[in-house]
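> Give me coordinates for this.
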Amino acid sequence: MTKRDVAALFGNRFLTEPTPSETFPEEGMTATDTMRLLDEDLVMEGDPQRNLATFVTTWMEPEAQRIIAENLHRNFIDHAEYPISAEIEQRCVRMLADLFHAPGKTTGCRTQGSSEAIMLGALSLKWKWRERRQAANLSADRPNLVFGGDVHVVWEKFCRYFDVEPRIVPLAEDKYTIGPEDVEPHIDENTIGVVAVVGTTFTGHKDDVVGIDKLLRDVRKERDLDIPIHVDGASGGFVWPFLYPDSKWDFRLEQVRSINVSGHKYGLVYPGIGWLVFREESDLAKDLVFYENYLGKTDATFTLNFSTGASMVLAQYYNFVRLGRQGYTYVMETMQKNAHALADNLRSSGRFEVIGSALEQLPLVAFRLASKHAYDESDIAWQLSAERGWMVPAYTLPPNAERVKILRALVKETLSREQIERLTQDIADACDTLDHKGGTTEVERAQIKRGTGY
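Numbering: from 1, shown residues only. From the prediction side, this is the model:
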């Protein structure tokens, strides 16, 4: 019996041989060996259940997982061959339009995530602005977009990729969102829109959408400039309707013309699924819609990605009909209660300051050291990971609040009250260790994360 035969009988030959990584392998291997090879690599990654950095869903019900697994082979874009998948997408769009208080018939689409939805929504802002300028025989050469420093980096990507001037409102210490007084100096006849965030990645709060809407309505009356709002609800779009149903941020506000939301965040679906919903059909620039018929029937497509699986669309619909408003409210309230419990624990320790927990906020806890120590928030994050495997990000806030460093813990539905108590104790133990050994080296201190996009 050869060595390879023995390995096949008793184990995996890649326990002692190098993993294929540089060149395309000459030979294949058994399915079991391949599975074990990947499992052995992935076991070195962090545990998703202890990942309090990610907004992305890390657990779904077994029935939803079955729906996903049984439809991985279904290409969503083939509407002629898979018309029910296309219909289910539109059911989800209509349900979201209802959730976001659209005044009438509207349109929208699924996307790979909020990044694609933002690109498409912002492109429509630019195209609609250009239509208005050309109709008035005015130049359309210098478009700009106004948003705060609290946005995701994808907004800066859009401006760079599609030749739009970014007008970024800086933040400040103790001011981590933007309002009308921040926006007003930056808008003019070349402004394609204003971005308002509901559920920032930095502290979980929302911009003053009501105030920005009033400002832009006044500008429309006084200066004859119709500047729309796009709401980036990547995280908050599935939270505010259930935790803060009376808070106006959506299509109840007149200037809000489009909203993006991530189904794979608080929509409770695995990655990747996002949604873009317009206030009215006319808010989608028609020139951005393409018509093709090579798959057997004429289809309208409004997308940056083309072929993609139908599984996550079906999983989103599963959640909508499985949970409904009552179920989503229960899940969000459960997460919020546990977030409040963690905030109370950290605050009562006397060691930490909790940021903005009395305001409307995502189910998370943003906190920082309340006084000077021989270590900082990054040291706590590293020590907590080393001792107990928790992934809690530490990062500095955007300009002009970059002197503020915070920790942020996402509290999701898999984080029980018992785990909240364990996390609280583990944070205290990590701080006790740092009290004795001091902070990290200057080399490690230089590895400061600036922002949440890592």
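> alpha carbons only for contacts and neighbour counts from here, please
Noted.
> what's the closest non-adjacent residue to Gly438?
In this structure, Gly438 finds its nearest non-sequential neighbour in Ala374, 5.6 Å apart by Cα to Cα, 6 or more residues apart in numbering.
> Kindly report the same for Val198.
Lys206 (4.2 Å).
> quick one, what contacts the residue nearest to Gly438?
Applying Cα atoms under 8 Å, 6 or more residues apart in numbering to Ala374 gives the contacts 435, 438-439.
> Closest one of these to Asn260?
Gly439 (40.8 Å; Cα to Cα).
> With adjacent residues omitted, what lies nearest to that closest one?
Tyr375 (4.2 Å).
> That neighbour is in contact with Gly438, isn't it?
Yes: if you go by Cα atoms under 8 Å, Tyr375 and Gly438 touch, sitting 6.1 Å apart.
> Neighbours of Gly233, how many?
26 (other Cα atoms under 10 Å).
> ok, which stretches of the stretch 251-400 of the chain are strands?
Per DSSP state E, counting those that start in this stretch, the stretch 251-400 of the chain carries strands over the ranges 256-262, 274-278, 290-292, 299-301, 352-354, 364-369, 394-396.
> quick check: mean pLDDT across the first one?
In this case it means strand 256-262. Averaged across strand 256-262, pLDDT comes to 98.
> Now do it and strand 274-278, the angle between them.
170 degrees (axes from the mean of the first three to the mean of the last three Cα atoms, to 10 degrees).
> Dump strand 256-262 to PDB, restricted to CA.
Output of strand 256-262 as PDB, limited to C-alpha atoms (Å, rounded to 0.1, in the frame of the first residue of the first chain):
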ATOM      1  CA  VAL A 256     -37.000  61.700   0.300                       C
ATOM      2  CA  ARG A 257     -37.000  60.200  -3.200                       C
ATOM      3  CA  SER A 258     -35.000  57.000  -2.700                       C
ATOM      4  CA  ILE A 259     -33.900  54.600   0.000                       C
ATOM      5  CA  ASN A 260     -31.400  51.800   0.100                       C
ATOM      6  CA  VAL A 261     -31.400  49.000   2.800                       C
ATOM      7  CA  SER A 262     -29.300  45.900   3.400                       C
END
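> Work out the sheet partners of it and label each with its direction, please.
Partners of strand 256-262 in the sheet, by DSSP bridges, are strand 229-232 (parallel), strand 274-278 (antiparallel).
> before we move on, what about the third one?
As defined by DSSP bridges, the strand partners of strand 290-292 come to strand 299-301 (antiparallel).
> List the buried residues for the strand it pairs with?
Across strand 299-301, burial judged by 16 or more other Cα atoms under 10 Å covers Asp299.
> what's in contact with it?
By Cα under 8 Å, 6+ apart, strand 299-301 touches 79, 289-293.
> Now render those residues as CSV, adding neighbour count, pLDDT and distance to Gln326.
Formatted as CSV, the contacts of strand 299-301 follow (neighbours: other Cα atoms under 10 Å; pLDDT from 0 to 100; distance: Cα to Cα, whole Å):
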residue, neighbour count, pLDDT, distance to Gln326
His79, 18, 78, 32
Val289, 12, 90, 36
Phe290, 12, 85, 38
Tyr291, 11, 80, 39
Glu292, 11, 73, 40
Asn293, 10, 71, 41
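> between the residues you listed, which is closest to Ala136?
For these, the nearest to Ala136 is Val289 (23.5 Å; Cα to Cα).
> how about that closest one, what does it touch?
Contacts of Val289 by Cα under 8 Å, 6+ apart are 300-302.
> run the last query once more with 6 Å
301-302 (Cα atoms under 6 Å, 6 or more residues apart in numbering).
> Ok, Ala102 next?
Per Cα under 6 Å, 6+ apart, neighbours of Ala102: 251, 279.
> any idea how far Phe10 is from it?
Distance from Ala102 to Phe10, counting by Cα to Cα, to the nearest Å: 62 Å.
> can you check Ala135 too?
From Ala135 to Phe10 the distance is 75 Å (Cα to Cα).
> Next: Leu369.
Counting by Cα to Cα, the separation of Leu369 from Phe10 is 53 Å.
> of those two, who's got more company?
Neighbours of Leu369 and Phe10, each counted by other Cα under 10 Å, are more numerous for Leu369; the result is 19 against 9.
> The more buried one and Phe352 touch, don't they?
Yes: contact between Leu369 and Phe352 holds when scored by Cα atoms under 6 Å: they sit 4.5 Å apart.
> Would you map the helices across the stretch 51-200 of the chain?
Applying DSSP state H, counting those that start in this stretch to the stretch 51-200 of the chain gives helices spanning 62-70, 83-99, 114-135, 154-161, 180-183.
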